[in-house]
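>>> Give me a model of this one.
(chains A and B)
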Protein chains: 2
Amino acid sequence: MPTTDNSYPKPAVSELTPPDRTLMGPGPSDTNPRVLRAMSTPLVGHLDPSFVEIMDEVQELLRYTFQTDNEWTIPVSGTGSAAMEAAIGNLVEPGDTMLVPTNGYFGGRMASMARRAGGTVVEVDATWGEPLDPTAVDDALAEYDPDIFGFVHAETSTGVLQPNVSELTAAAHEHDTLVIADTVTSIGGVELRVDEWDIDVAYAGPQKCLSCPPGASPLTLSDQGMDKVLARDEEPRSWYLDLSLLEGYWGEKRAYHHTAPITNVYALREALRLVAEEGIENRWERHERLAGALKAGVEGMGLEMNASEDYWLPSLNAVRVPNGIDDGAVCEALLEQYDLEIAGGLGDLSGEIFRIGCMGHSARPENVIYVVTALGDVLESMGADVDPGSGVTATRRALEKTE
Amino acid sequence: MPTTDNSYPKPAVSELTPPDRTLMGPGPSDTNPRVLRAMSTPLVGHLDPSFVEIMDEVQELLRYTFQTDNEWTIPVSGTGSAAMEAAIGNLVEPGDTMLVPTNGYFGGRMASMARRAGGTVVEVDATWGEPLDPTAVDDALAEYDPDIFGFVHAETSTGVLQPNVSELTAAAHEHDTLVIADTVTSIGGVELRVDEWDIDVAYAGPQKCLSCPPGASPLTLSDQGMDKVLARDEEPRSWYLDLSLLEGYWGEKRAYHHTAPITNVYALREALRLVAEEGIENRWERHERLAGALKAGVEGMGLEMNASEDYWLPSLNAVRVPNGIDDGAVCEALLEQYDLEIAGGLGDLSGEIFRIGCMGHSARPENVIYVVTALGDVLESMGADVDPGSGVTATRRALEKTE
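Reported below is the predicted structural model:
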């Protein structure tokens, strides 16, 4: 046993008492108390027969939420970016070419992961804040003949929803290109139909429209997608995210690979139960309705949405920062005076937009009224040309109309 | 909005009601209720100023628990294997050579990760169930001149504690070789002094002697270790685990990289507070005392430990399976009849040992008495040549003696 004195002083850290925030940023969103309660459930082992049952249930619930029959539907043991890297790192082999979009922050992350996987990256050009044009995608497919095409269904950095998904996948499949969709900010919040839209691989995050604390992240692969993974010449570069090994744990064998994040799986199960109870289509409709009231409010007070109505993303509302206003100061004031989180822009849109989430358990009338009221008041106090009263009235009317 | 019928039936999944297990296997261990309560705390955002404070506190508590001043001390966003891959995947560059041990399951995992990182793997031979011999390590260092040497401080697959850590690190440093230590099953349970023992990089798991649900895993790097990471010619092959990027989030900038698993960080903070409250050396002493009573019990009933007394690992007790007994049937009976988890052997020791953990919140008299009693009764009922009464008596005496 220890023979020397302990020279490391004990840190004096007090009880955990974080502030009580209302989360209306790009995620995490507010968590339903039922999900928090699930997280306080004592653990069973990751190979316990009762946990194997829970795994089956989570997989079944994930299939429903993705609207897919894909056998290979699992939660990845990490946050959304881990599911993203599991998708790209397993699909892309050294020598493969991946086509990625340039219309937002997360296309750039796709590119970085594809390069690290040993792939060559080519791009389909599109402006930040605009969706992909199917013709441009078609041209890029013809020009580069990529093995993989990745696109972002719901761009959290720009508030843009990609329409015409079926057109994009059809074009890709004509070129024998597999399609990976980033559905981090769409799953459980806006229409997403993995099978009907012929998406080969989709990954997502739990802390957006599923309102589940981050730590276990949805991933689904079609048989074609998984065939490519299992036929690789070279092992994937990550052991932790190697889907051929994870298959041993999440597939029929239930063999040890790594210790699953048991509590996060409990939480995801409860969050997905809430999705099934509400019904996925009702849930999409609720997001559109509540975010519609939010949008009516910000427009009603005189602000402008960044994305056009045609590709508005209800779960992430990108609102133009009024002239002369410092977005960072607004976010700070909302946090300090209202315990309310919204975010500023990222990358090309840094300083130009506010990003206001309307996700999962946060997509409720009380939250929407609160964010519209608080934003109006803070902007007015900073001298912006806004009419907070009209904003709140527009939100109230929109909520009444749809009740 | 949706125009087609929803053809995916809603899964009927009922309330989460896992069995109430006593966890005495190789991890997870039983969780302290305070940690479970921390996990049910509503979330703040991962860039919230209050979360930045929590990050600071967790880093400070991790340094205390690792007994290090290392600035680069963080929780990795995943389970223990993610922290392992963060260590190996960032330290090992293509062209590097890594020396790994062959004396247990986790040396093999190290090898796989090093190869995937582009490294060449060489081995220092040692029998499963034996510690590394410093002379053999010295010889291997001289023969291969590796860039990195990895060893397992506490082998969960064999119940062996590596003694002479300072000798191993001194030998490695004479060859300008950096040392990575697997401390998954030692952190918070058996003596571990990262700085005093001159370990360059150590990774750990939260669900063993820290008794924290898996999902955020301790990692620490010395300046020399981090210098190698930051001087890489080529990016690490994982974006998610790239420490030069994670440095932007956990370092001074606190810039967005990925969404941290907020709830798991809350839990780790509470688990580490419990370590600091108890005092790290008191905690090591408690594990030795309680596991000593467990060992006295299994030996008292007539069973044999797999590891010799000199390198007994208190947190993971490897006990020989008596002749003619099916280890799987024993584990199943304990789970079904006693709601008690222990595990069988892995790899070379499959079928030959039971693995009985004595970790963190599970290292309590009630758990130790329960596992000795239940194991004795089940073995006797299966016709093994054991004396359960003597086992329980030996455990009781050992507990009395040390009270």
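>>> OK, contacts around residue A:47?
By C-beta atoms under 8 Å, 6 or more residues apart in numbering or on different chains, the contact list for residue A:47 reads A:254, A:256, B:343. C-beta here means a position set from N, CA and C on the backbone, and glycine is covered the same way.
>>> So residue A:315 is in contact with residue A:184, correct?
No: applying C-beta atoms under 8 Å, one finds residue A:315 not in contact with residue A:184, separated by 9.9 Å.
>>> which residues do the two both contact?
Common neighbours of residue A:315 and residue A:184 (C-beta under 8 Å, 6+ apart) are A:154, A:208.
>>> Got the domain ranges for chain A?
A:33-277, A:280-402 (automatic domain parsing).
>>> can you list these in JSON lines and add mean pLDDT?
Shown next, in JSON lines, are those (pLDDT from 0 to 100):
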{"stretch": "domain A:33-277", "mean pLDDT": "96"}
{"stretch": "domain A:280-402", "mean pLDDT": "97"}
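>>> now the closest residue to residue A:397 other than its chain neighbours: how far from chain B?
Among residues not flanking residue A:397 along the chain, residue A:296 sits closest, at 7.2 Å (C-beta to C-beta, 6 or more residues apart in numbering or on different chains). Distance of residue A:296 to chain B, computed by C-beta to the nearest C-beta, to the nearest Å: 17 Å.
>>> Can you name the residues that contact the closest residue to residue A:193 other than its chain neighbours?
Excluding its sequence neighbours, the residue lying closest to residue A:193 (C-beta to C-beta, 6+ apart) is residue A:67, at 4.5 Å. The contact partners of residue A:67, by C-beta under 8 Å, 6+ apart, come to A:192, A:193, A:194, A:195, A:196, A:280, B:6, B:8.
>>> Burial check on the last one, number of neighbours?
Neighbour count for residue B:8, taken as other C-beta atoms under 10 Å in any protein chain shown: 19.
>>> Assign it to helix, strand or coil.
With DSSP: H, G, I helix; E, B strand; the rest coil as the basis, the three-state label of residue B:8 is coil.
>>> Return the residues in contact with it.
By C-beta under 8 Å, 6+ apart, the contact list for residue B:8 reads A:63, A:64, A:67, A:68, A:69, A:280.
>>> And the strands in the stretch 301-403 of chain A?
A:316-320, A:340-341, A:343-344, A:353-357 (DSSP state E, counting those that start in this stretch).
>>> for the stretch 101-250 of chain A, that is, sorry about that
Using DSSP E, counting those that start in this stretch, strands in the stretch 101-250 of chain A cover A:120-124, A:148-152, A:154-155, A:160-161, A:178-182, A:201-203, A:217-221.
>>> Tell me which other helices or strands the second one touches.
Right, strand A:148-152. helix A:80-91, strand A:97-101, helix A:105-116, helix A:134-144, helix A:165-174, strand A:178-182 (3 or more C-beta pairs under 8 Å, 6 or more residues apart in numbering or on different chains; DSSP states H and E).
>>> Let me have those in CSV, extended by distance to chain B and mean neighbour count.
Compiled in CSV, the helices and strands packed on strand A:148-152 are given as follows (distance: least, C-beta to the nearest C-beta, whole Å; neighbours: other C-beta atoms under 10 Å in any protein chain shown):
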stretch, distance to chain B, mean neighbour count
helix A:80-91, 4, 29
strand A:97-101, 13, 25
helix A:105-116, 5, 22
helix A:134-144, 19, 16
helix A:165-174, 12, 19
strand A:178-182, 13, 27
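>>> so who does residue A:57 touch?
Residue A:57 makes contact with A:269, B:11, B:13, according to C-beta under 8 Å, 6+ apart.
>>> List buried residues within the residues you listed.
A:269, B:11, B:13 (16 or more other C-beta atoms under 10 Å in any protein chain shown).
>>> separation between residue A:98 and residue B:126?
Counting by C-beta to C-beta, to the nearest Å, the separation of residue A:98 from residue B:126 is 42 Å.
>>> brain fart, residue A:274
Distance, residue A:274 to residue B:126, by C-beta to C-beta: 51 Å.
>>> Turn the contacts of residue A:47 into CSV, including neighbour count and distance to residue B:260.
Below are the contacts of residue A:47 laid out as CSV (neighbours: other C-beta atoms under 10 Å in any protein chain shown; distance: C-beta to C-beta, whole Å):
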residue, neighbour count, distance to residue B:260
A:254, 16, 29
A:256, 15, 26
B:343, 22, 31
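>>> Which one of those residues is nearest to residue A:229?
Residue A:229 lies nearest to residue A:254 out of the contacts of residue A:47, by C-beta to C-beta, at 19.3 Å.
>>> what's the helix or strand for the closest one?
Counting by DSSP states H and E, residue A:254 is held by no secondary-structure element, helix or strand.
>>> okay, the domains of chain A in a markdown table with distance to residue B:347 next?
As requested, the domains of chain A are exported to a markdown table (distance: least, C-beta to C-beta, whole Å):
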| stretch | distance to residue B:347 |
| --- | --- |
| domain A:33-277 | 11 |
| domain A:280-402 | 43 |
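>>> any idea which of those is most buried?
Comparing the domains of chain A by mean neighbour count (mean count of other C-beta atoms under 10 Å in any protein chain shown), domain A:33-277 comes out on top with a mean of 22.
>>> what separates that domain from the chain centre, distance-wise?
Centre-to-centre, domain A:33-277 and its host chain are 10 Å apart (C-alpha atoms, centre = their mean, to the nearest Å).
>>> how about the helices of chain A, start to end?
With DSSP state H, the ranges of helices along chain A come out as A:33-39, A:49-66, A:80-91, A:105-116, A:134-144, A:165-174, A:223-230, A:243-250, A:262-278, A:280-300, A:327-338, A:365-381, A:388-402.
>>> closest to residue B:113 out of these?
Closest approach to residue B:113 among those is made by helix A:243-250 (11.7 Å; C-beta to C-beta).
>>> got a list of contacts for that closest one?
With C-beta under 8 Å, 6+ apart as the test, helix A:243-250 has contacts from A:55, A:59, A:72, A:74, A:76, A:86, A:90, A:221, A:226, A:229-230, A:232, A:236, A:239, A:255-258, A:260.
>>> can you list the residues of the stretch 201-350 of chain A near chain B?
Taking C-beta under 8 Å from any C-beta of the partner chain as the criterion, the neighbours of chain B within the stretch 201-350 of chain A are A:205, A:207, A:213-216, A:235-241, A:256, A:258-264, A:266-267, A:269-270, A:272-273, A:276-277, A:279-281, A:284-285, A:288, A:335, A:341, A:343, A:346.
>>> what about 6 Å?
Counting by C-beta under 6 Å from any C-beta of the partner chain, the stretch 201-350 of chain A comes close to chain B at A:213-215, A:235, A:237-240, A:258-259, A:261, A:263-264, A:266, A:273, A:276, A:281, A:341.
>>> between the strands of the stretch 101-250 of chain A, which gets nearest to residue B:200?
Closest approach to residue B:200 among the strands of the stretch 101-250 of chain A is made by strand A:217-221 (31.1 Å; C-beta to C-beta).
>>> So which elements touch that closest one?
Contact analysis of strand A:217-221 by 3 or more C-beta pairs under 6 Å, 6 or more residues apart in numbering or on different chains; DSSP states H and E lists strand A:72-76, helix A:80-91, strand A:201-203 as its packing neighbours.
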